[in-house]
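In: need a structure here:
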Amino acid sequence: MTVYLAYSFETTDHAHTHLADFWSWMADRNTWFYSGLDMVLATSWRIETRPGSPGSLLIHHEVAFADEAGLAAYRAALAARGRDHAWEQRRREQDRWYRIVSRSAQVSPPVRMPLPQRSGRAMTQNRQTA
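Out: All right, here's what the predicted structure looks like:
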């Protein structure tokens, strides 16, 4: 049973002011943070713009583990890394770029549901771009 740790991050004003630096930092952080954490099967990222908040982004992040033991090993590894002052200082840089607004552990993958079949040009275009 795959276990997913899901986070939603809201970007800070600093991130909006320095957007190119933010994305560069995110790419570096992803590599640095997950390096050596072999219990992590995969990570995924999705970006959502927030209505009513010009420039505000909500970033959804999922981390997949083979099972609950993998998630427990991950949490133990992060706790151990967190005791290293330099590592923890670097991890805390995230506070400058985003705020965690939600987190959850999930045990089911996304459910795939077929779209209803439609006739006409719009459906043909969707199939070509999918």
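
In: buried set for whichever strand or helix holds residue 58?
Out: Using DSSP states H and E, residue 58 maps to strand 57-65. For strand 57-65, the neighbour count (16 or more other C-beta atoms under 10 Å) marks 57, 58, 59, 61, 62, 63, 64, 65 as buried. In short, each C-beta sits where N, CA and C put it, glycine included.

In: any regions of the protein where pLDDT drops low?
Out: Within the chain, the stretches with pLDDT under 70 are 52-55, 109-110, 119-130.

In: for it, what spans make up the strands?
Out: Assigned by DSSP state E, the chain shows strands spanning 3-11, 40-49, 57-65, 98-106.

In: need those strands in TSV with distance to residue 87, can you?
Out: Formatted as TSV, those follow (distance: least, C-beta to C-beta, whole Å):
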stretch	distance to residue 87
strand 3-11	19
strand 40-49	16
strand 57-65	18
strand 98-106	18
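
In: nearest to residue 116, out of those?
Out: Closest to residue 116 of these, according to C-beta to C-beta: strand 40-49, at 24.0 Å.
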